[in-house]
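Q: Here is a sequence together with a model predicted from it:
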Amino acid sequence: MFTLTGKEKEKDKRSFFERLTGTINLEEEDEHDASDMPPISASRPGGFASTQPAVATKIAPVTAPLDPEEGELAVDVYQTDREIIVQAMVAGVSPDTLSVTATRETITIKGRRDAPITIADHDYFYRELYWGAFSRTLSLPQEVETDTVEASQKHGLLTIKLSKLDKTKMQNVRVKQG
């Protein structure tokens with residue numbers, strides 16, 4: 001049987017619930033020094049951890065923009081039963097200036113958003129919009145058919161539909177004489 005000595009009892013005045021859950025009584029908080037606290041997470045600027053719960057997701061690896069001067073396009077990638085869908089906001093970009101290339105394993109989106117007018121830096125109060133070339137290359141979560149890729153743009157939303165490669169599909173081949 002495990003019992004605490006007098007010195008250990010003095011050191012651990014927490015209630016059974018506090019010891020079980022690891023909580024600290026707020027009235028006795030000043031008795032605890034910083035060495036008792038867990039280290040601050042450095043996962044976000046300022047050392048604060050994210051408040052959103054961690055979710056296990058399958059995310060395809062992503063490569064950096066093709067040119068360091070290019071911006072990186074934000075995307076959503078999801079699937080249906082038969083397709084992988086890639087969506088990106090490309091407001092202000094003409095469909096004629098967009099380039100979409102696909103292989104069985106990757107897709108690359110390139111384009112350029114030009115500022116409609118030139119404004120001196122000192123005249124800006126806020127400057128958050130991105131102007132210039134952008135690109136994004138994504139590794140797809142599974143192979144796709146490259147000859148059936150469809151891309152459309154509506155109200156600034158680029159939607160690319162890629163048919164999943166059906167590896168179970170069989171085709172009868174007729175044998176010729178000769």
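A: On my side now, so go ahead.
Q: where do the strands sit along this protein?
A: Using DSSP state E, the strands of the chain run over 71-72, 75-79, 83-89, 99-102, 106-113, 132-139, 150-154, 157-163.
Q: Averaged pLDDT, the second one. What do you get?
A: Confidence for strand 75-79, expressed as mean pLDDT, is 97.
Q: again, but for the shortest one
A: On average, the pLDDT along strand 71-72 is 86.
Q: what are the pairing partners of it, and which direction each?
A: strand 132-139 (parallel) (DSSP bridges).
Q: on that earlier part again, so which of the strands of the chain gets nearest Asn172?
A: Across the strands of the chain, Asn172 has its closest neighbour in strand 157-163 (21.4 Å, CB to CB). The way it works is simple: take the backbone N, C-alpha and C, and place the C-beta from them, glycine included.
Q: how near is Asp81 to Lys154?
A: Remark: distance between Asp81 and Lys154 (CB to CB, to the nearest Å) = 23 Å.
Q: now do Lys167
A: 32 Å.
Q: Which residue ranges of this structure form helices?
A: 6-11, 16-21 (DSSP state H).
Q: weakest of these by average pLDDT?
A: Looking at the helices of the chain, the bottom one is helix 6-11 with a mean of 54.
Q: In CSV, list the strands of the chain along with mean neighbour count.
A: Putting the strands of the chain into CSV (neighbours: other CB atoms under 10 Å) gives the following:
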stretch, mean neighbour count
strand 71-72, 16
strand 75-79, 14
strand 83-89, 18
strand 99-102, 16
strand 106-113, 19
strand 132-139, 18
strand 150-154, 12
strand 157-163, 18
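Q: beta partners for the closest residue to Thr101 other than its chain neighbours?
A: Excluding the flanking residues, the one nearest Thr101 by CB to CB, 6 or more residues apart in numbering is Thr108, at 4.8 Å. For Thr108, the beta-bridge partners are Thr101, Thr137 (DSSP bridges).
Q: before we move on, back to that, rank the strands of the chain by mean pLDDT and give me the bottom one.
A: strand 71-72 (a mean of 86).
Q: Count the residues that sit near the residue nearest to Asp114 when sequence neighbours are not counted.
A: Spatial nearest neighbour of Asp114, chain neighbours left out: Trp131 (6.4 Å); criterion: CB to CB, 6+ apart. By the other CB atoms under 10 Å criterion, the neighbourhood of Trp131 contains 13 residues.
Q: what sits against Trp131?
A: Applying CB atoms under 8 Å, 6 or more residues apart in numbering, one finds that Trp131 lies in contact with Arg113, Asp114, Ala115.
Q: Report the separation between it and Pro116.
A: 9 Å.
Q: In JSON lines: the contacts of Trp131, plus distance to Ala88.
A: Formatted as JSON lines, these follow (distance: CB to CB, whole Å):
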{"residue": "Arg113", "distance to Ala88": "12"}
{"residue": "Asp114", "distance to Ala88": "17"}
{"residue": "Ala115", "distance to Ala88": "19"}
